[in-house]
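**Student:** Provided below are the primary sequence and the corresponding predicted coordinates.
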Amino acid sequence: AQSVTQPDIHITVSEGASLELRCNYSYGATPYLFWYVQSPGQGLQLLLKYFSGDTLVQGIKGFEAEFKRSQSSFNLRKPSVHWSDAAEYFCAVGPAVDSGGGADGLTFGKGTHLIIQP
Amino acid sequence: KAGVTQTPRYLIKTRGQQVTLSCSPISGHRSVSWYQQTPGQGLQFLFEYFSETQRNKGNFPGRFSGRQFSNSRSEMNVSTLELGDSALYLCASSLISGNNEQFFGPGTRLTVL
């Protein structure tokens, strides 16, 4: 069964500092990988995705993530955080192709709560 | 292009009642998935509908059901509500089934008293 681990429940970063959020996954086939962000009381917004190709993917709001197959990781990074980046971040994994038996939906990690210090 | 819309945004029910939540996907999207988000369990996949057919279902009891209409709008129903059903219910749409680039709505916050 697929699973996603986000080892850090909370992370506190000073405004202007760099950020790295960790994500490890377990999946039996080639995965699609995603990072979503959720602000309080809101739905999920897609930051970036990896389907194939270049293992360094760029997303919105200055975020990037690197897919490392050997480490089963898909860590999210940002060189300089802004106070508005404070939110909950979710890593997710999904099937790479339609299995024909139905889509299994996305499997999400438990999330990392990002706190920005002034 | 309008995003995914969910109605109602907030709902309060009592144990034993039933509830219906609605989701309108992005125009042109034919797949709708539903997720339950709770502090304890996180985000969990409920089911996905594509072309009015349920494609797959997560590990939830039969009290949770859904349907999709010909215009791709979807509803989910929870019967015999329990306190543990209190959650944020998120709907996500995508162009086709299996294409897992999903766009999420703002959710419906259900409180069961």
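**Tutor:** Great, that's in hand.
**Student:** ok, residue 58 - how many residues close by?
**Tutor:** Looking at chain A here, since you left the chain open. For residue A:58, the count of nearby residues is 10 (other Cβ atoms under 10 Å in any protein chain shown). Using the backbone N, CA and C atoms, a C-beta is placed for each residue, glycine as well.
**Student:** correction: the question concerned chain B.
**Tutor:** Residue B:58: 17 neighbours (other Cβ under 10 Å).
**Student:** and residue B:16, by the same measure?
**Tutor:** As a burial measure, residue B:16 scores 10 neighbours (other Cβ under 10 Å).
**Student:** could you check how far it is from chain A?
**Tutor:** Using Cβ to the nearest Cβ, to the nearest Å, residue B:16 is found at 27 Å from chain A.
**Student:** can you check residue B:69 too?
**Tutor:** With Cβ to the nearest Cβ as the criterion, residue B:69 and chain A are 19 Å apart.
**Student:** so what's that residue closest to, chain neighbours aside?
**Tutor:** For residue B:69, ignoring the flanking residues on the chain, the nearest one in space by Cβ to Cβ, 6 or more residues apart in numbering or on different chains is residue B:52 at 6.9 Å.
**Student:** strands of the chain, start to end?
**Tutor:** Because you didn't say which chain, this covers chain A. Remark: strands assigned in chain A by DSSP state E are A:3-5, A:10-14, A:19-21, A:24-26, A:31-38, A:44-50, A:56-58, A:64-68, A:73-78, A:87-95, A:107-108, A:112-117.
**Student:** looking at chain B here, not the other one
**Tutor:** With DSSP E as the criterion, chain B has strands spanning B:5-7, B:10-13, B:19-24, B:31-38, B:42-50, B:53-57, B:64-68, B:74-78, B:87-94, B:103-104, B:108-112.
**Student:** among these, which comes closest to residue A:37?
**Tutor:** strand B:103-104 (10.6 Å; Cβ to Cβ).
**Student:** other SSEs contacting the closest one?
**Tutor:** strand A:44-50, strand B:87-94 (3 or more Cβ pairs under 8 Å, 6 or more residues apart in numbering or on different chains; DSSP states H and E).
**Student:** so what touches that strand?
**Tutor:** Contact with strand B:103-104 is made by A:36, A:43-46, B:3-4, B:26, B:29, B:90-94, as judged by Cβ atoms under 8 Å, 6 or more residues apart in numbering or on different chains.
**Student:** surely residue A:45 and residue A:59 touch.
**Tutor:** No: in this structure residue A:45 lies outside contact range of residue A:59 using Cβ atoms under 8 Å: 10.2 Å.
**Student:** now the helix or strand of chain B with the lowest mean pLDDT: buried residues?
**Tutor:** Lowest by mean pLDDT, DSSP states H and E among the helices and strands of chain B is strand B:53-57, with a mean of 90. Neighbour counts over strand B:53-57 (16 or more other Cβ atoms under 10 Å in any protein chain shown) mark B:55-57 as buried.
**Student:** can the residues you listed go into a markdown table with extra columns for distance to residue A:105?
**Tutor:** Formatted as a markdown table, the buried residues of strand B:53-57 follow (distance: Cβ to Cβ, whole Å):
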| residue | distance to residue A:105 |
| --- | --- |
| B:55 | 9 |
| B:56 | 7 |
| B:57 | 9 |
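**Student:** relative to residue A:1, which of those residues is nearest.
**Tutor:** Using Cβ to Cβ, the buried residues of strand B:53-57 come closest to residue A:1 at residue B:56, 13.8 Å.
**Student:** roughly how far does that closest one sit from chain A?
**Tutor:** Note on residue B:56: its distance to chain A, by Cβ to the nearest Cβ, is 4 Å.
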